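K.L.:
Need coordinates for the below:
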Amino acid sequence: MLKIFKYIFFDLVRSRWTYAYFLFYLALGFVMLFLSNDVSKAIITLMNVIVVLTPLVGTIFGVMHYYNSREFTELLLAQPMKRSTIFIGQYIGLSLSLALSLLLGLGIPFLFYGLLRSSAIWDFGSLLVAGAFLTFIFVALAYIIAISNENRIKGFGYAILMWLGLAIIYDGLFLISLLVFDDYPLDKFALIATMFNPIDLSRILILLKLDISALFGYTGATFKMFLGTSLGMVISLLVLCMWVVIPTWLIYRIARKRDF
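P.N.:
Numbers count the residues shown, from 1 in each chain. Predicted coordinates for the structure are as follows:
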């Protein structure tokens, strides 16, 4: 698996799409810092971009990479190698290359603006951690969809629908349910519902670290009130880890059982 991971990782690092992804975040970081001239304000603005854009990019790259490298994958499958090793290696290589582009793209401008001398360094760290988690989660979900669908059109369609569901539709349905059942105690429901959406979890993780009560929505305020800042962050990280581990295990399971 290590050889496959190294090949995929270094191949993707040299890809023009990876450079474009890196340059986008590099430019975005400089623009946000130039306009706000304040590290904390730039982090808040970037949060709204990262929790939506990073899952979308991970979803598209995951599906696109699987279908575009199908011939290479078939060549590897003809070798005396475990199928699960091939797909897990490809997944880790792709996820790590995207996460590295995000970390470097945002890290360089903030370091240039004196992040190490700022008190917002831990807030920025939570932003990068959330972005990295979302990358690994949505690449894994995209790989599951792509492996399960031979048809490219169906694969892309299901992947985009999955992103729309978690990024937009889920929040809409959640808010509607809060309005409809406003007379009932919904605190536990809000906590449980949030755990089923990694985008909401990542947003809460950043907000808990920023400790800005004005930006907390209903779920974020409930999370903080019942679990506290430190405990809430620990639980958020543990659930996000499960969002990485379970899809990765599903990739492993599908790769072992499916006849390619």
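K.L.:
Sketch out the low-pLDDT regions of this structure for me.
P.N.:
For the chain, the stretches with pLDDT under 70 are 1-5, 7-8, 13, 115-116, 118, 182-187, 209-230, 232, 258-260.
K.L.:
Which positions within stretch 153-171 qualify as buried?
P.N.:
155-156, 158-160, 162-163, 166-167, 170-171 (16 or more other CB atoms under 10 Å). C-beta coordinates here come from the backbone N, C-alpha and C atoms, glycine included.
K.L.:
Among those, which are located in helices?
P.N.:
Using DSSP state H, the members of the buried residues of stretch 153-171 that fall in helices are 155-156, 158-160, 162-163, 170-171.
K.L.:
rewinding a little: switch the buried residues of stretch 153-171 over to CSV; also include distance to Ala130.
P.N.:
Shown next, in CSV, are these (distance: CB to CB, whole Å):
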residue, distance to Ala130
Gly155, 27
Phe156, 26
Tyr158, 25
Ala159, 21
Ile160, 22
Met162, 19
Trp163, 16
Leu166, 14
Ala167, 14
Tyr170, 17
Asp171, 16
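K.L.:
Tell me, how many residues neighbour Gly107?
P.N.:
By other CB atoms under 10 Å, the residues close to Gly107 number 17.
K.L.:
List the contacts of stretch 20-30.
P.N.:
42, 46, 49, 57, 98, 101-102, 104-106, 108-110, 112 (CB atoms under 8 Å, 6 or more residues apart in numbering).
K.L.:
Neighbour-wise, give me the winner out of these.
P.N.:
Counting by other CB under 10 Å, top hit in the contacts of stretch 20-30: Leu98 with 28 neighbours.
K.L.:
which residues touch that residue?
P.N.:
With contacts defined as CB under 8 Å, 6+ apart, the neighbours of Leu98 are 18, 21, 57-58, 61, 135, 139.
K.L.:
Which strand or helix spans it?
P.N.:
helix 83-112 (DSSP states H and E).
K.L.:
Check Phe34 too.
P.N.:
helix 16-36.
K.L.:
next helix or strand past that helix?
P.N.:
Using DSSP H and E, the first helix or strand after helix 16-36 is helix 39-68.
K.L.:
which stretches of the stretch 101-250 of the chain form helices?
P.N.:
Using DSSP state H, counting those that start in this stretch, the helices of the stretch 101-250 of the chain run over residues 121-148, 152-164, 170-180, 187-195, 198-210, 218-227, 229-257.
K.L.:
of all these, which lies closest to Gln79?
P.N.:
Taking CB to CB, helix 229-257 is the member of those nearest to Gln79, at 14.5 Å.
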